[in-house]
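*Asks:* here is my input; please provide its structure:
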Amino acid sequence: MAEFSEDDEGKSVVADGEEVGIVSEVEHGTAYVDPDPGITDKIKAKLDWGERDEDTYPLQEQAVDSITDDEIRLRSNL
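*Replies:* Take a look at the predicted model:
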């Protein structure tokens, strides 16, 4: 099972080889994904300047296949 940390903020979320969003914030072990990030959102997430808003969604741990240094890969059988 995936465990999210603040180190995951700013990582790309990838499904079937395509970026579907970025992790904008991790709070209490829950990663929140911005599904339509602009370059400003990516920079803010990397610098921990962002905040969760109505356009972010919690990422379910069971949906994660793997976590690398740069991205979070989702399971292909979702």
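*Asks:* correct me, but residue 23 touches residue 14?
*Replies:* No. Using CB atoms under 8 Å, residue 23 makes no contact with residue 14, being 11.3 Å away. Bear in mind the C-beta positions are built from the backbone N, C-alpha and C, glycine included.
*Asks:* between the two, which contacts overlap?
*Replies:* residue 72 (CB atoms under 8 Å, 6 or more residues apart in numbering).
*Asks:* looking at the two, which is more packed in?
*Replies:* Set residue 23 next to residue 14 and count neighbours by other CB atoms under 10 Å: residue 23 wins out with 26 against 18.
*Asks:* pull up the pairing partners for the helix or strand hosting the more buried one, direction included.
*Replies:* Residue 23 is located in strand 18-27, with elements delineated by DSSP states H and E. For strand 18-27, the pairing partners within the sheet under DSSP bridges are strand 12-15 (antiparallel), strand 30-34 (antiparallel).
*Asks:* please identify the deepest-packed of the ones you listed.
*Replies:* strand 30-34 (a mean of 22; mean count of other CB atoms under 10 Å).
*Asks:* how about the strands in the chain?
*Replies:* 12-15, 18-27, 30-34, 57-58, 64-67, 71-74 (DSSP state E).
*Asks:* possible to save the ones you listed as TSV with distance to residue 2 and mean pLDDT?
*Replies:* Below are the strands of the chain laid out as TSV (distance: least, CB to CB, whole Å; pLDDT from 0 to 100):
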stretch	distance to residue 2	mean pLDDT
strand 12-15	11	92
strand 18-27	11	90
strand 30-34	8	91
strand 57-58	12	88
strand 64-67	4	94
strand 71-74	8	95
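*Asks:* surely residue 19 touches residue 33?
*Replies:* No. Contact criterion CB under 8 Å: residue 19 and residue 33 do not qualify, at 10.8 Å.
*Asks:* what pLDDT does the most far-flung residue of the chain relative to its centre get?
*Replies:* For the chain, the largest distance from the centre (CA atoms, centre = their mean) belongs to residue 77, which lies 18.5 Å off. On the pLDDT scale, residue 77 is placed at 73.
*Asks:* list the contacts for it?
*Replies:* Counting by CB under 8 Å, 6+ apart, residue 77 has no contacts.
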